[in-house]
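Q: No letters, just coordinates:
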């Protein structure tokens, strides 16, 4: 029961990634694409932790943490670039 | 216990999905940011804590807490930086917009 | 006294981070962490003057413990509201950028206030300038400064004012 519910939620999260991909392709400006990428990253972090639980590998937690850190730095860098401050 | 955690995870994934749906449906950048990067914050908090509750024997609770705190502290900073940059370079607001005090105040100076 | 307070608060911060990252398993790790946190906080107290603005008294500590729950309640309520707007076929939004004023004086208080406003869906801090915040609001009920401040800022400000001054 619990495993079935967890699998369903992973599928819904995957659908969320696909929807943000639509915005990533369509987005009229660079800032729209950055927002879509940020959303995809947050959903991906949850999915990485899900995979860590599924395959019983604690090391994937560190992957999720580094991914979160890199995405934060990336978004701030893009914002500074758009502002002509970089 | 396992089922309770799984239900929390399911609710979290629904919030993640709604955030992405808003990202596609909203008319301009700022409204997309409202749903895209913030409805997903609560979604991922619920997803991660639901996983920690339902699979507590396989999971590292400390690292889950660090990950949640990290998301909560960095997410507003990055979206604020992006919103400020977008307003600065003049990305237009949607036609439904009622008022823009920031542009008015910038015009005065 | 001021230096001692800063030193103590940075020690609590570093030590908490250490415990979260390593896990509470071994007394040796705890002792090592305490020594390292002590060293780091005594080396860096001069550059952490933000901590000097935190008030330490029973009321402030009580309010600091209550604040996460107040914030969580606002977060969940706002999330349900935005979810309703996203699902509705007619997309009932009424967006705009409003200006609000805050009574908070300390920098760390303003930082936490702006981040709380941004994390609540429906409101997004676009720009800050002294005591004025410019906030993108998904459903503008009133463009007036006082009315908007009352609706967006006040529920957080009441607690942050006691904690940070």
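A: Thanks, I have it. In this text, all values refer to a predicted model and were calculated from it rather than measured experimentally.

Q: Would you state the helices of chain C in chain order?
A: With helices called from DSSP state H, chain C shows them at C:2-22, C:27-44, C:58-87, C:107-119, C:145-152, C:154-164.

Q: Tell me which of the ones you listed sits most buried.
A: Highest mean neighbour count of the helices of chain C: helix C:107-119, a mean of 20 (counted as mean count of other C-beta atoms under 10 Å in any protein chain shown). No exception for glycine: its C-beta is placed from N, CA and C like everyone else's.

Q: can you tell if that helix touches chain A?
A: No: Helix C:107-119 does not reach chain A (C-beta under 8 Å from any C-beta of the partner chain); its nearest approach is 12.7 Å.

Q: What angle do helix C:58-87 and that helix make with each other?
A: Angle of helix C:107-119 versus helix C:58-87, following axes from the mean of the first three to the mean of the last three C-alpha atoms, to 10 degrees, is 20 degrees.

Q: Can you tell me what sits against helix C:107-119?
A: Residues outside helix C:107-119 that contact it (C-beta atoms under 8 Å, 6 or more residues apart in numbering or on different chains) are B:38, B:41, B:72-73, B:75-77, B:79-80, C:50-51, C:53-54, C:71, C:74-75, C:102, C:104, C:123-125, C:128, C:133, C:135, C:152-153, C:156-157, C:160-161, C:163-165.

Q: Which ones, among these, also lie beside chain A?
A: Intersecting the contacts of helix C:107-119 with the contacts of chain A gives B:41, B:75, B:77, B:79 (criterion: C-beta under 8 Å from any C-beta).

Q: where does residue C:48 land on pLDDT?
A: Here the pLDDT value assigned to residue C:48 is 68.

Q: What's the end-to-end length of stretch A:16-36?
A: Start and end residues of stretch A:16-36 are separated by 11 Å (C-alpha to C-alpha, to the nearest Å).

Q: Which residues in it does the neighbour count mark as buried?
A: In terms of neighbour count (16 or more other C-beta atoms under 10 Å in any protein chain shown), stretch A:16-36 has its buried residues at A:16-17, A:19-20, A:23-24, A:27, A:31-36.

Q: which one in the residues you listed is the model shakiest on?
A: Among those, residue A:27 has the lowest pLDDT, at 76.

Q: who touches the residue lying closest to that one once chain neighbours are set aside in this structure?
A: Nearest residue to residue A:27 in three dimensions, chain neighbours excluded: residue A:33, at 4.4 Å (C-beta to C-beta, 6 or more residues apart in numbering or on different chains). Each residue near residue A:33 by C-beta under 8 Å, 6+ apart is listed here: A:23-24, A:27.

Q: ok, how many other residues are close to residue C:55?
A: Per other C-beta atoms under 10 Å in any protein chain shown, the neighbour tally for residue C:55 reads 16.

Q: Verify the contact between it and residue C:161 for me.
A: No: taking contacts as C-beta atoms under 8 Å, residue C:55 lies outside contact range of residue C:161: 9.9 Å.

Q: Geometric centre of the chain: which residue is closest?
A: I'll assume chain A. For chain A, residue A:41 is the residue whose C-alpha lies nearest the centre (C-alpha atoms, centre = their mean; 1.5 Å).

Q: think we crossed wires, I meant chain B
A: Nearest to chain B centroid, counting by C-alpha atoms, centre = their mean: residue B:38, 1.8 Å.

Q: Now do that residue, the pLDDT please.
A: At residue B:38, pLDDT is 81.

Q: For the residue lying closest to residue B:38 once chain neighbours are set aside, give me its contacts.
A: Nearest residue to residue B:38, sequence neighbours excluded (C-beta to C-beta, 6+ apart): residue C:121, at 4.4 Å. Listed by C-beta under 8 Å, 6+ apart, the contact set of residue C:121 reads B:34-35, B:38-39, B:42, C:75, C:78-79, C:81-82, C:138.

Q: can you do 6 Å?
A: B:34, B:38-39, C:78-79, C:82 (C-beta atoms under 6 Å, 6 or more residues apart in numbering or on different chains).

Q: Next, format those residues as TSV and append distance to residue A:6.
A: Output for the contacts of residue C:121, formatted as TSV (distance: C-beta to C-beta, whole Å):
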residue	distance to residue A:6
B:34	29
B:38	24
B:39	21
C:78	27
C:79	22
C:82	25
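
Q: For the helix or strand bottoming out on mean pLDDT in chain C, name the packing helices and strands.
A: One helix or strand of chain C scores below all others by mean pLDDT, DSSP states H and E: helix C:145-152, with a mean of 78. On a contact count with 3 or more C-beta pairs under 6 Å, 6 or more residues apart in numbering or on different chains; DSSP states H and E, helix C:145-152 meets strand C:96-101.
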